[in-house]
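Participant: I need the structure of the sequence given here:
(one chain, ligands or ions: 1)
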Amino acid sequence: MKLTRKVKEILSWYESDNPGTKANLARILMTGRLAGTGRMVILPVDQGFEHGPARSFAPNPPAYDPLYHFELAIEAGLNAYAAPLGMIEAGAATYAGCVPTILKVNSSNSLSTTKDQAVTATVADALRLGCSAIGFTIYPGSEHQFEMMEELRELAAEAKSCGLAVVVWSYPRGPMLDKVGETALDICAYAAHMAALLGAHIIKVKPPTEAISLDAAKKTYEANPVEVKNAAARIAHVVQSCFAGRRLVVFSGGEAKSSAALLDEVRAIHAGGGNGSIVGRNAFQRPKEEALKLLSDMIEIYRSRV
Ligand code: FBP
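Facilitator: The predicted structure is shown next:
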């Protein structure tokens, strides 16, 4: 496989990584219909843990089957499939080598009252299952944020030493943040930056809104305004916050919405220089043909010139 100039450039940003980790990043970047472009679309299916099986899969019952998600990612020509241990184990042999996988090594659930996640898989599991990366969620702002960051430090160091890549879901939540604050532009950029500081190769955040939430940041944003009404400018600000674009940043899809609304978000991510989308519910909660059409339309946007 010959790497494109773009992928070589991206790999050069990760100056401390060993060849194994770079090869795994390359594997993700060189797979699927966006291979070689530096853009990615990833399918994450940890919602069974996060929200429960019915809320996740009842809208499209074939999605109760873990193999469905491997098929969806492969048929759609996606870059990778991310899921917790049981989901990856369920199709590990059938789909070995068919699509890069990201093992989600911590998980939360909707029965919990605390903003925390349990470590539910190991680096050894990721290696045994042939995964390209581990995935880890932090909740900046939660009462447990520091323990989560310390867990990530240990798992990321171990993963990197074994040649795996590290994907960080950085989702601000906790007593200081209301619903608006969780996706406010300043908070989103801050959360993405913290993931970069923690050594993430790929950073996953929610698309930012036009709100500026942190009082301490308001003055700075007034003096150095970001065009908050423009979704692409907001994305560009998050990208800039990830080491001036030297880290891969992907944006989540959120709850099920219309194809038109999702594609508008994708256009903004593309125009703002984001590296792509990590879209779960908006993919697997649609009937498969509809999901394939939507994913194909997203990929076409990412393949187009800005
Ligand atoms: P969606 O595209 O379904 O939003 O998936 C992205 C994701 O990060 C999942 O990996 C995760 O389960 C979910 O969002 C968590 O969302 P929330 O914490 O808002 O419930």
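Participant: count of neighbours near the nearest residue to residue 32 once chain neighbours are set aside?
Facilitator: Counting by C-beta to C-beta, 6 or more residues apart in numbering, residue 77 is the residue found nearest to residue 32 once chain neighbours are left out, at 4.3 Å. For the C-beta atoms, the positions are set from N, CA and C on the backbone; glycine is no exception. The tally of other residues near residue 77 (other C-beta atoms under 10 Å) stands at 17.
Participant: ok, now how distant is the one residue sitting closest to the centre of the chain from residue 173?
Facilitator: Centroid check for the chain by C-alpha atoms, centre = their mean gives residue 204 as the closest residue, at 3.6 Å. Counting by C-beta to C-beta, to the nearest Å, the gap from residue 204 to residue 173 is 14 Å.
Participant: what does this structure put close to the ligand?
Facilitator: 44, 46-47, 50, 169, 171, 252-254, 278-282 (C-beta under 6 Å from any ligand atom).
Participant: Tell me where the stretch 51-200 of the chain has strands.
Facilitator: Taking DSSP state E, counting those that start in this stretch, the strands of the stretch 51-200 of the chain run over residues 80-84, 101-104, 106-107, 118-119, 133-138, 165-170.
Participant: could you dump these to a markdown table with mean neighbour count?
Facilitator: Output for the strands of the stretch 51-200 of the chain, formatted as a markdown table (neighbours: other C-beta atoms under 10 Å):
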| stretch | mean neighbour count |
| --- | --- |
| strand 80-84 | 26 |
| strand 101-104 | 29 |
| strand 106-107 | 20 |
| strand 118-119 | 13 |
| strand 133-138 | 27 |
| strand 165-170 | 28 |
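Participant: Dump the ones you listed to a markdown table, plus distance to residue 190 and mean pLDDT.
Facilitator: Conversion of these to a markdown table gives the following (distance: least, C-beta to C-beta, whole Å; pLDDT from 0 to 100):
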| stretch | distance to residue 190 | mean pLDDT |
| --- | --- | --- |
| strand 80-84 | 23 | 98 |
| strand 101-104 | 23 | 98 |
| strand 106-107 | 21 | 98 |
| strand 118-119 | 24 | 98 |
| strand 133-138 | 12 | 98 |
| strand 165-170 | 9 | 98 |
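Participant: which secondary structure elements does the least confident helix or strand in the chain by mean pLDDT contact?
Facilitator: Within the chain, confidence by mean pLDDT, DSSP states H and E is lowest for helix 215-223 among all helices and strands, at a mean of 94. Here helix 215-223 touches helix 185-197, going by 3 or more C-beta pairs under 8 Å, 6 or more residues apart in numbering; DSSP states H and E.
Participant: and after the helix it packs on, which helix or strand comes next?
Facilitator: For helix 185-197, the succeeding helix or strand toward the C-terminus, using DSSP states H and E, is strand 202-205.
Participant: Report all helices and strands that that following strand contacts.
Facilitator: When contacts are defined as 3+ C-beta pairs under 8 Å, 6+ apart, strand 202-205 packs onto strand 165-170, helix 185-197, strand 248-252.
Participant: and those, which is most packed in?
Facilitator: The highest mean neighbour count among the helices and strands packed on strand 202-205, using mean count of other C-beta atoms under 10 Å, belongs to strand 165-170: a mean of 28.
Participant: what's the spacing between that strand and its chain's center?
Facilitator: Relative to the centre of its chain, strand 165-170 is centred 7 Å away, using C-alpha atoms, centre = their mean, to the nearest Å.
Participant: Break down the stretch 201-306 of the chain into its helices, ranges please.
Facilitator: For the stretch 201-306 of the chain, the helices defined by DSSP state H, counting those that start in this stretch cover 215-223, 231-241, 259-271, 281-284, 288-303.
Participant: mind giving me CSV with those helices and columns for mean neighbour count?
Facilitator: Shown next, in CSV, are the helices of the stretch 201-306 of the chain (neighbours: other C-beta under 10 Å):
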stretch, mean neighbour count
helix 215-223, 11
helix 231-241, 21
helix 259-271, 18
helix 281-284, 25
helix 288-303, 18
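Participant: so which of the ones you listed gets nearest residue 183?
Facilitator: Closest approach to residue 183 among the helices of the stretch 201-306 of the chain (C-beta to C-beta): helix 231-241, 10.2 Å.
Participant: angle of the closest one against helix 185-197?
Facilitator: Helix 231-241 and helix 185-197 are oriented at 30 degrees to each other (axes from the mean of the first three to the mean of the last three C-alpha atoms, to 10 degrees).
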